[in-house]
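K.L.:
using only what follows, build the 3D model:
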Amino acid sequence: MNHESFHYETRGFVELGLAMLAIAVFVLYVYAAFISGRRFKPWPAYRYVCWFIGVGSAAAAMIGPLAHPSVTDFTAHMTGHLLLGMLAPLLLALAAPMTLLLKALPVTRSRKLSHVLKSWTLPILTDPLTTSFLNIGGLWILYTTDLFRIMHQSLSIHLLIHVHVFLAGYLFTVSMIYVDPVPHRKSFLYRAIVLVLALAGHGVLSKYIYGHPPAGVSGIQAEQGGKLMYYGGDAIDAVLIFIFCLQWFKAARPRMRVAVKA
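P.N.:
Okay, the predicted model is just below:
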C-alpha cells in the first residue's frame, strides 16, 4: 500500500469515527432531554433544532462532500470554517447543553458539576478576552503563517486545528452570550467592548486574506474565500449581536421599570 492510499484509508476511518461521534452526541442530547422532561418541564423544541443543525454543521465541515474538496478549494475550506467555527458554536450554545446536563444528572452529580463550573480555572478560560485571543488570534496564526500549508500535509495536525477552531469558536460564543449557567459573569459593557474588537479582528483578517493569499492558495481563491469569510461571518455575527443586545435589553428592563415608578 503506497502512502497516498494509506492516507486515504486512514482518513476514511477518521471520518467514520467522526460520523459516529456526531450521531452519538445527538442521541445523548435527546436522551438527556427525555430524562430532564420526566423531572422538569419538557425541553423546548427549538433547542432540539439548534442542537441538530449545530451538530450537522460541525459534521459537514469535517466529513462528506464539503470537507473533501476543502484541501484544494479555499472557498470550500472557508465555508467549512464558517460552519465549524461560527455557525455550529452559536447553535450549540443556544441549545443550552450544560443546562440540560445539570437537569438530567442525579442531584449529587449535578452538584459536583456545579462545583467544577465554579472553579478558579473556568473564569480565566471563559473570559471574553481569553476566548477572543484563542479564536481570532488562532485564525491569524493559521492564515498568516505556514501552518495552513502544513495542516494539509498531516492528518493529525489537520484534525487538531479543526478541533481548536470549533472549541475556540464555542468558548468565544458562550463567553459573549449567556444561555447556560455562568457562575462568573462579566458585565455587558466589558463583553460589548471585547466583542467589537474581536469582530473587527475577524473582518480585518478576511480583508488581509483577500490581498495576501495563505500559503499554497491562488490569488483568485483567496479573493473568493476572503469575501466569503467577510460577508458570511457578518451574517452570523449579526445574529450573535442581536442575541447579545436582546439579553442586555432584558437585563436592563427591570431597572428601567424601577426608574419609571420612582
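
K.L.:
every contact and neighbour count from this point should use C-alpha atoms.
P.N.:
OK.

K.L.:
what helix or strand does the residue nearest the centre of the chain sit in?
P.N.:
When the chain is reduced to its mean C-alpha position, the nearest residue by Cα atoms, centre = their mean turns out to be P89, at 2.7 Å. Using DSSP states H and E, P89 sits in helix 88-94.

K.L.:
quick check: buried residues in the helix or strand following that helix?
P.N.:
Next helix or strand after helix 88-94 toward the C-terminus (DSSP H and E): helix 97-104. Residues of helix 97-104 classed as buried by neighbour count (16 or more other Cα atoms under 10 Å): P97, M98, L100, L101, L102, K103, A104.

K.L.:
contact partners of stretch 184-195?
P.N.:
With contact meaning Cα atoms under 8 Å, 6 or more residues apart in numbering, stretch 184-195 is reached by K118, P123, D127, P128, L129, S132, S175, M176, W248.

K.L.:
buried subset of these?
P.N.:
Using 16+ other Cα under 10 Å as the burial test, the contacts of stretch 184-195 include P123, D127, P128, L129, S132, S175, M176, W248 as buried.

K.L.:
which of those lies closest to G219?
P.N.:
S132 (28.1 Å; Cα to Cα).

K.L.:
so where does that closest one fall, helix or strand?
P.N.:
Using DSSP H and E, S132 falls in helix 128-132.

K.L.:
mind giving me the packing neighbours of that helix?
P.N.:
helix 155-176, helix 188-211 (3 or more Cα pairs under 8 Å, 6 or more residues apart in numbering; DSSP states H and E).

K.L.:
and stretch 90-97, which residues are buried?
P.N.:
Applying a neighbour-count criterion of 16+ other Cα under 10 Å, one finds L90, L91, L92, A93, L94, A95, A96, P97 buried in stretch 90-97.

K.L.:
so the last one touches D180, yeah?
P.N.:
Think P97. Yes: in this structure, P97 is within contact of D180 by Cα atoms under 8 Å, at 7.4 Å.

K.L.:
what count of nearby residues applies to E15?
P.N.:
17 (other Cα atoms under 10 Å).

K.L.:
please list all residues in contact with it.
P.N.:
Counted by Cα under 8 Å, 6+ apart, E15 has contacts M62, I63.

K.L.:
tell me the one among the buried residues of helix 97-104 nearest to M229.
P.N.:
Distances from M229 to the buried residues of helix 97-104, taken by Cα to Cα, are shortest for P97, at 27.5 Å.

K.L.:
mind listing what the closest one touches?
P.N.:
Y29, D180.

K.L.:
mind checking how far it is from L28?
P.N.:
11 Å (Cα to Cα, to the nearest Å).

K.L.:
likewise D234?
P.N.:
D234 is 32 Å from L28, by Cα to Cα.

K.L.:
and these two? Which one has more around it.
P.N.:
Legend: neighbour count by other Cα under 10 Å for D234 and L28, higher for D234 (16 against 12).

K.L.:
now do the same for that one: its pLDDT.
P.N.:
Here the pLDDT value assigned to D234 is 95.

K.L.:
and the regular element (helix or strand) spanning T108, what's its mean pLDDT?
P.N.:
Element membership for T108, per DSSP H and E: helix 107-117. Average pLDDT, helix 107-117: 85.

K.L.:
is it possible to get a markdown table of the helices and strands packed on helix 128-132 that adds distance to Y143 and mean pLDDT?
P.N.:
Converted to a markdown table, these look like this (distance: least, Cα to Cα, whole Å; pLDDT from 0 to 100):
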| stretch | distance to Y143 | mean pLDDT |
| --- | --- | --- |
| helix 155-176 | 12 | 95 |
| helix 188-211 | 7 | 96 |
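
K.L.:
A33 is nearest to which of those helices?
P.N.:
Smallest distance to A33 across the helices and strands packed on helix 128-132 (Cα to Cα): 20.4 Å, for helix 155-176.

K.L.:
helix, strand or coil: sort out V182 for me.
P.N.:
coil (DSSP: H, G, I helix; E, B strand; the rest coil).
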